[in-house]
Each structure stands twice: as structure tokens, then as C-alpha cells.
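**Student:** I'd like to go over a predicted model; first the sequence, then the structure.
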Amino acid sequence: MASKGFLKKELYVAIHAQTARFRVVKYAILLPLFGAVYWWKGGKVLAWTLGVSLVFAIAMHFFFRWKTKGWEQSWGPYKSLFKE
């Protein structure tokens, strides 16, 4: 049962932690950037860049999860979605 609550909380944070505007701006920056990398250096460098970006994103996720004590406390740019 604990894992069900854990997954439910993670899914809730994944859906609600970023505003729609932030997501639009984020992808408006990332997609042309990745397109430029592909155009400039090709598919192998793009794959490497996407891999590094994925590792960085996962590291940031766990860093924020640690600093917010499992999304329960506000910290830095993250404002808790749950009662403090």
C-alpha cells in the first residue's frame, strides 16, 4: 500500500508542479536547441546530448525530492502542492 501512495504522489507532482506556461516555454527552448544540435553535429551527438539531458533531469528530480523532503516542503523555486 505504501508504494501505491508513493506512485500516486509522484504522479500528482509530475502533473501539477509545472504550470502550462512554463512547459510551453521549456519546450519552445529545448526543441529548437536539440534541432540545432542535430543540424549542426548530426544524430550521434544529438543522442549523446539527449542522454546527458536525461541524466541531468533525473539528478535534478532526485535533488529537488531530497531538498523538499519528498515534495512535502517548499524549497527554492518549488512551492509545495501539499499542506505544510
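**Tutor:** Received it, and whenever you're ready, just let me know what you need. Residues are numbered from 1 along each chain as shown.
**Student:** centroid residue for the chain?
**Tutor:** Closest residue to the average C-alpha location of the chain: Ala57 at 5.4 Å, with Cα atoms, centre = their mean.
**Student:** how far does the helix or strand hosting it sit from the chain's center?
**Tutor:** Here Ala57 is covered by helix 43-67, with elements defined by DSSP states H and E. Distance of helix 43-67 from its chain centroid, counting by Cα atoms, centre = their mean, to the nearest Å, is 9 Å.
**Student:** which residues are contacting it?
**Tutor:** Helix 43-67 has contacts (Cβ atoms under 8 Å, 6 or more residues apart in numbering) with 34, 37-38, 71, 75-76, 78. Glycine gets a C-beta too; all of them are placed from N, C-alpha and C.
**Student:** For ChimeraX, what selects the buried ones among those residues?
**Tutor:** Remark: buried members of the contacts of helix 43-67, expressed as a ChimeraX selection using 16 or more other Cβ atoms under 10 Å:
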select :37,38,71,78
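**Student:** which among the contacts of helix 43-67 gets closest to Phe22?
**Tutor:** When the contacts of helix 43-67 are compared for distance to Phe22 (Cβ to Cβ), Tyr78 wins out at 12.0 Å.
**Student:** List the beta-bridge partners for the closest one.
**Tutor:** Beta-bridge pairing for Tyr78 (DSSP bridges): Trp75.
**Student:** so where is this protein shaky, pLDDT-wise?
**Tutor:** For the chain, the stretches with pLDDT under 70 are 1, 83-84.
**Student:** Next, count neighbours for Lys69.
**Tutor:** When counting by other Cβ atoms under 10 Å, one arrives at 10 neighbours for Lys69.
**Student:** Check the secondary structure at it for me.
**Tutor:** coil (DSSP: H, G, I helix; E, B strand; the rest coil).
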